Each structure stands twice: as structure tokens, then as C-alpha cells.
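Undergrad: have a look at this prediction, sequence included:
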Amino acid sequence: MPRLSDTMAEGVIVAWNKKVGDSIKPGDVLAEVETDKATMDLESYNDGVILYIGVEAGKAAKVDGILAIVGKAGEAFESLLDAEGNTPAAEPKAAPAESVPTPINTTVQASTPVTAAPAATTDDRVKASPLAKKIAADKGIDLRQVSGSGDGGRIIKKDIDQYTPSAADTTTSVPVFLPVGQEGHTDIPLTQMRKTIARRLSESMFGAPHFYLKMEINMDNAIAARAAINAVSPVKVSFNDMLIKACAHSLRKHPDVNSSWMNDFIRQNHHIHIGSAVAMPDGLIVPVIRFADQKSLAQIASEAKSLYTKAKDKKLQPAEFSGNTFTISNLGMMDIEDFTAIINPPDSCILAVGRIKEVVVKKGDSFGVTQVMKVTLSCDHRSVDGAVGAAFLQTLKGFMENPVTMLV
């Protein structure tokens, strides 16, 4: 019994296509074997006669157990069974041996089929052995153009080897795939930034027990408010700038979220410094808007723009990318609808922000279109409980859905 899948321990013989005494040749399907993943054809790769069948149809055999013995007609096989610890079954399954045995040339079938075969076939499907199918695919031969010489017209290896396509066949056959180039790879040395990111985020992901809270925010009022703000603001205000201000006000109302786990105690920060992640060629860096709750939208927008430019030019100073108490990671501009982010130490939470999406909703007795944005809050369960994180998101939702309240 061959191992026909990586998890297979035994196989069940669904049916034998040959019996004791039958002559076989390479490509003949001896039996159908059911594994833990599929039903496979067991093909012969030898010429000879079936001398012994060791497993009845419907019974299972362990991997490497004897299924059948193939040799010359009349050859003795008992010594092979004795060596394997098998004994011939009581039923007449073995072909009689001559009184004077000759040296046996046997093959224990253990060939692995190329492809899975269905347990049953219908007349409108091409019947072919897995080996024949593989060779035909490699040669670009259409099996419908090949006549089968196997049982019931089944196409076997010999039929493919002897097949000569007609002029009509060659115009419709699929060309054989010929790869261009060679396999290869490039090893990219790690930058210090990438090493630091890998270390810090691994420590965060596997050291802090994360849980995630998702929420949808209606952005209709935020879109209108941003348009009105930008009509008078000295600097263009983005939705991310509005989120920074909304998070800052929400943290003021929920100080438990504005905290850090310090192993022996929880540090609740009185100041609100919000990090805003920026993608760099070498990795991710998080410029920090300090005292974000005390700044106007225009001030936040101006400072964020300056920090993002410095980050891309690699001119950020350590004080400009450290000291965060809460972080925002926004992938909405890259058309990401929603995602989860890994907490940025020493924060207890990080907000992952998706794109603003137009959806159809019920409005009164009819339907209308509204704009929604999905956010996901990743929380460190050691310092922030689910109810605390949920209350923070409710406050954030209120500020974003009615931005004028952030001005009070």
C-alpha cells in the first residue's frame, strides 16, 4: 500500500479491477484505493501475472502493507508472505504453484498515482489512467483524440506513447509549457529599522494578549464638515487629522485607554500624545502629535504634514517618533476596508482605520446611500477591558458622526 497523501495511515480497497491469474502490463489499473483525501487509481508498472491478492475489496490496508504479488505464472510466493509476516487467506485467492518452485521475480505494488481519479465514471467522460493523463498533459495531447486499449476503452500509457496526432489535432492541441529562466531568490539584508520593527512588534504580539473591537462609523457629517473646514482653514485638513482630534478628545473622556502596562503596575498617562503610522520603504515609523487634545484641527494638520515629510526624508528626530500614548494606523487611502493592527508599545491600544465606503441603507420608507468607515481597536487585555474599549469607541463614533461637538 503506497502512501498516497501526507496524512495517510491506511487505504481502503474500493474495488479490484484485476483478479488472481490475470495478466497485467504497465499502465493497467489494478485497483481503486480510497485515502483520507481522495479515491486514487493504483497502476501497474510491471508485466506479469497476479499471483496473490492480500486485501479484499472494502477492507483497509496499512501503508506499506502487501496488497498483491505479481510474478510469473506458477511462481511460489509463500516465502515472501512469511518474510512480511503475512499468511495466505483461506479463500482461493492465490494461483497454484508448480511442484518445483523456481526463483521468484515478484513486485509488491507500491506505485504512487499522479492524480486523483473519481470513484465512478460516466460514458461522456474520457477514461484514462492518471499516468496517461499526466503524459498527455505534458505532451499537449487532447485525450479525446486518443483511442484507449485498456479495460472498457480506458486510455493507458501505451496509447499515449503510440499516439500520432493528425493535422487537425496539431492545430488545436495546447502547446507544451516551457519555462523561461531558472529558479532563484534574493536575500535582502535587514536594516536597523526593520530589525527594530520585527523585535518590537514580536514582543507586542506575543507578549500582550490582544483582543479586537470593530465598529462602523457614519461619515456623512464628517465629509460635509471637512469640506466646510477646508474652505476657511489655512492648511488642508484630512480625515486622519479629524480622527487624531476625535481620538484625543475620546482619550480625555476614557483615561483607562490612555495607559501603559508596566508589569507591576498600570501607568495612566495624563498627557495625550497620538502616534500616526507612516509607511516607509524600509518599514513603518510613527510620528507623534504631542498634546493632541489641546490643538486645533488646523494645528494638527500642519504638524502632521510636517512630520510626515520629515519621516519620508528620514529627518525625524527621536523626540518626534517616541512618547506616544495611543496610535492610529490608517490604510483607508490604500483601499483597505478593514484590518487589525498590532499594538505599538508602550500603548495599550491602537486604532486601525479602513476606507470610507458608500453603502445602501434604509431611510424611512425607502432606501438611500450613506458613507461608512470601519475601525478596529486592538487592545491589551492586561490594561484595557472589553467594556472600556467599547465605551471609547462609542465616544469616538459620536465625535466623528457629529464633528461640531469636538469644537466645544
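TA: Nice, thanks for sending it over.
Undergrad: which parts of the stretch 101-250 of the chain are strands?
TA: If DSSP state E, counting those that start in this stretch is used as the criterion, the strands of the stretch 101-250 of the chain fall at 107-108, 210-218.
Undergrad: need those strands in TSV (columns: distance to Ser260 and mean pLDDT).
TA: To be clear about C-beta, it is placed using only N, CA and C from the backbone, and glycine gets the same treatment. Output for these, formatted as TSV (distance: least, Cβ to Cβ, whole Å; pLDDT from 0 to 100):
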stretch	distance to Ser260	mean pLDDT
strand 107-108	66	44
strand 210-218	15	97
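Undergrad: which regions of the stretch 1-150 of the chain sit below the pLDDT cut-off?
TA: Within the stretch 1-150 of the chain, the stretches with pLDDT under 70 are 5-7, 36-38, 84-125.
Undergrad: how near is the residue nearest to Tyr52 when sequence neighbours are not counted to Ile160?
TA: Nearest non-adjacent residue to Tyr52, counting by Cβ to Cβ, 6 or more residues apart in numbering: Ile69, 4.2 Å away. According to Cβ to Cβ, to the nearest Å, Ile69 and Ile160 sit 28 Å apart.
Undergrad: what of Ile272?
TA: Taking Cβ to Cβ as the measure, Ile272 falls 73 Å from Ile160.
Undergrad: could you do Asp380 as well?
TA: In terms of Cβ to Cβ, Asp380 sits 62 Å off from Ile160.
Undergrad: one more: Gly332?
TA: Distance, Gly332 to Ile160, using Cβ to Cβ: 55 Å.
Undergrad: quick one: which of these two has more around it?
TA: Counting neighbours by other Cβ atoms under 10 Å for Gly332 and for Ile160 shows that Ile160 has the greater number, 23 against 20.
Undergrad: ok, that one touching Ser129?
TA: No - counting by Cβ atoms under 8 Å, Ile160 does not reach Ser129; the two are 9.4 Å apart.
Undergrad: check the residue positioned nearest the centre of the chain and give its pLDDT.
TA: For the chain, the residue nearest the mean C-alpha position is Phe339 (15.8 Å; Cα atoms, centre = their mean). Predicted confidence (pLDDT) for Phe339: 96.
Undergrad: doesn't it belong to a helix?
TA: No - Phe339: not assigned to a helix; according to DSSP: H, G, I helix; E, B strand; the rest coil it is coil.
Undergrad: contact partners for it?
TA: Residues in contact with Phe339 (Cβ atoms under 8 Å, 6 or more residues apart in numbering) are Leu331, Ala352, Gly354, Thr376.
Undergrad: rerun at 6 Å
TA: When contacts are counted by Cβ atoms under 6 Å, 6 or more residues apart in numbering, Phe339 touches Ala352.
Undergrad: any idea how far it is from Tyr45?
TA: 51 Å.
Undergrad: what do you get for Ala73?
TA: Taking Cβ to Cβ as the measure, Ala73 falls 19 Å from Tyr45.
Undergrad: could you pull out the strands for the stretch 301-408 of the chain?
TA: 326-330, 349-363, 366-380.
Undergrad: closest one to Ile217 among these?
TA: Of all those, it is strand 366-380 that lies closest to Ile217, at 4.9 Å by Cβ to Cβ.
Undergrad: partners of the closest one, with directions?
TA: When pairing is defined by DSSP bridges, strand 366-380 lines up against strand 210-218 (antiparallel), strand 349-363 (antiparallel).
Undergrad: which positions in the longest one come out as buried?
TA: Read that as strand 349-363. Across strand 349-363, burial judged by 16 or more other Cβ atoms under 10 Å covers Cys349, Ile350, Leu351, Ala352, Val353, Gly354, Arg355, Ile356, Lys357.
Undergrad: would you format these as JSON lines with pLDDT and distance to Gly389 included?
TA: Listed next are those as JSON lines, based on pLDDT from 0 to 100; distance: Cβ to Cβ, whole Å:
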{"residue": "Cys349", "pLDDT": "97", "distance to Gly389": "7"}
{"residue": "Ile350", "pLDDT": "98", "distance to Gly389": "11"}
{"residue": "Leu351", "pLDDT": "98", "distance to Gly389": "10"}
{"residue": "Ala352", "pLDDT": "97", "distance to Gly389": "13"}
{"residue": "Val353", "pLDDT": "97", "distance to Gly389": "15"}
{"residue": "Gly354", "pLDDT": "97", "distance to Gly389": "18"}
{"residue": "Arg355", "pLDDT": "96", "distance to Gly389": "22"}
{"residue": "Ile356", "pLDDT": "97", "distance to Gly389": "23"}
{"residue": "Lys357", "pLDDT": "95", "distance to Gly389": "23"}
